[in-house]
Every structure is written in C-alpha cells, then in structure tokens.
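[1] Here is the input, now give the coordinates:
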Amino acid sequence: MRSLRLAAATVALLSAVAVLSACDPDGTDSDGTGTGAAAPSTTAPGTTAPDAAGAKSPGAAKTSAASDGGAAGKAGRLPAGVWIDPKAVPLNAALHWKAPGSAAKALGEKGRLRIEELCKAPRDDSFTEVPMVETASLGGSPGDWTADETIASFGSAKDSSGRAQSAFLLLGSVVQGLKDCGSAVPGASVKVSSEDSTFAAATLTIPQAGGGSVEVHEYLSVQDGSVAELTLHAELPKGGRPKTAWSAPADQGVLDTLGKTVCTAFGDC
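    All right, here's what the predicted structure looks like:
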C-alpha cells in the first residue's frame, strides 16, 4: 500500500507543478524571475526541500499557513466564503441543506477527512498534521442522507508552491485510502466514478457492526493549497434504504463547484 501511495503522490506532485504553471498567465514563477514553472521536486514526501518561494514542503507549509490566522484548532480560520453553496449539493431540492459555514468547527491539525474515518484509512506520515482542518454539517436525519463538508488546507498557494504540492500529495494519499477501503474494512465495496490528479468521486457501501451499512457518495477536489471533501452518507440497518432516493447531477458539476468555491475564497483563482 505504501508503494502505491508514493506512486500516486508522485503523479499528483507533477500535476501540481503543471497546474501552478498554467495558472500563471504572464509566464513568471512566484519568485518573479520569469523562468516559468519551477522544476518538479525530486524530494520524497515528508522531507523539507525548499519550494520556489523559499518555503519548505510539506512541513514548512504547515508552519507558514499557521501564521495566516490564529492558533491551531481555532474555529473560523478558513475564509468565510470557502464553503460550498448548499444549492449545488445533491438532493438539496428534497432535503434543503443548510449553509455549511453556519456550522463549521475546527478539527485541529490532526483532523481527518470523513472518508478517512469511514474507511479506517491510514494517513501518509507526511500528513499526520495539516495546518487548518475544519468540518461542517449541512444537515440530515436518521435513516436518510446526511451531508458534511470537510476542508484540509495548507493555506493560500499564491506565495508558496509548496502549499499546493502538499495539497496535491494529500489528495493522492486520501484517494488511495478510499480505493483501499475494501481491504481496511472487510466487505466494503468501492466504485470510483470520476478521477484525475485534481479530483475524485466515488460510491461506497461500508459494512457496520450489527449487520447494517453506511451508503456513501464521496466527492474530493484539490485547489491550490486545499483539499475539499463533500460526503453524503446514510447509516442504514441491514437491508435498509435511505428514505430519499439518490439523485445527483453529473460528478463534474459537483466537483467544479466544490473546488471553485475554495479557490475563490483563498483568492488563488
């Protein structure tokens, strides 16, 4: 599993560098030298090689992001507009989701994404701590769908390509944990419906003690220095079905909105 995680991390790292170059319309790097995109780092995850802005990645990205606002674990450190519009969340017409920002709470630097908890996924050693991790409930009820959004952020990537690299590597680690859910939780089924280096969407059925299960629709998107997760899940008794039948737009529409909101809030678009 470790080798798969490292392979996924390497692909994501190269994609991060390409994205950073594409986002720079005048062809200059963050150091203003006009040399274009920085050369891909060959440093393994968990090391502290300097990035193009002189920061270190991913360890120093955590320290730098922490200086952007408040002590670790303090709620409200993420920009207010970072949360998804509930109207863009699947099943809103039936379940009338509330704005997630109204219920946001900090999880601390060791906070985990919802899918990591559901799949009992190990976190890569490089990301045991992330500077800003917050989660918010959009509502739900027993026997029916519940929606949550969680954001793990290293901070704005405008001044540090290392933050973007860290976020892309984190996404790769989380997606690998999602794919390995069947190994970590015997009997779990996983169907990945959309995936590239910047996003993933999947449907999972995860068995629970007592014979029940959790049905999950998972969306993950990375934007610059942040990984955003939208999870719709229903905890059901054996043989049960959610009260509301599943209906959703195409994955890409949900993923685009999830990522765009984060990018705009941090001013990285």
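[2] check which helix or strand covers the residue nearest the centre of the chain.
    Central residue of the chain (CA atoms, centre = their mean): Val227, 2.9 Å from the mean position. Using DSSP states H and E, Val227 falls within strand 226-236.
[3] Only alpha carbons, please: show that strand as CSV.
    Presented in CSV, the C-alpha positions along strand 226-236 are these (Å, rounded to 0.1, in the frame of the first residue of the first chain):
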residue,chain,number,x,y,z
SER,A,226,-6.5,23.0,0.0
VAL,A,227,-8.4,19.7,-0.3
ALA,A,228,-12.2,20.0,-0.1
GLU,A,229,-14.4,17.0,0.6
LEU,A,230,-18.2,16.6,0.3
THR,A,231,-19.6,13.5,1.8
LEU,A,232,-23.2,12.4,1.6
HIS,A,233,-23.8,9.3,3.7
ALA,A,234,-26.7,7.3,5.1
GLU,A,235,-26.4,4.8,8.0
LEU,A,236,-28.9,2.0,7.4
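[4] So what are the sheet partners of that strand and their directions?
    strand 146-153 (antiparallel), strand 213-223 (antiparallel) (DSSP bridges).
[5] Turn the ones you listed into CSV, including distance to Thr135, mean neighbour count and mean pLDDT.
    (Glycine included, C-beta is placed from N, CA and C.) Output for these, formatted as CSV (distance: least, CB to CB, whole Å; neighbours: other CB atoms under 10 Å; pLDDT from 0 to 100):
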stretch, distance to Thr135, mean neighbour count, mean pLDDT
strand 146-153, 4, 25, 97
strand 213-223, 14, 24, 97
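[6] Quick check: mean pLDDT of the strand holding Val227?
    When pLDDT is averaged over strand 226-236, the result is 97.
[7] how about whichever helix or strand comes after that strand: buried residues?
    Going down the chain from strand 226-236, the next helix or strand is helix 251-266, by DSSP H and E. Neighbour-count burial for helix 251-266, counted by 16 or more other CB atoms under 10 Å, picks out Asp251, Val254, Leu255, Thr257, Leu258, Gly259, Lys260, Thr261, Val262, Cys263, Ala265, Phe266.
[8] picking that back up, off-centre distance for the strand holding Val227?
    Offset of strand 226-236 from its chain centre (CA atoms, centre = their mean, to the nearest Å): 10 Å.
[9] Turn the buried residues of helix 251-266 into CSV, including pLDDT.
    As requested, the buried residues of helix 251-266 are exported to CSV (pLDDT from 0 to 100):
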residue, pLDDT
Asp251, 97
Val254, 97
Leu255, 97
Thr257, 96
Leu258, 97
Gly259, 95
Lys260, 95
Thr261, 95
Val262, 96
Cys263, 93
Ala265, 94
Phe266, 92
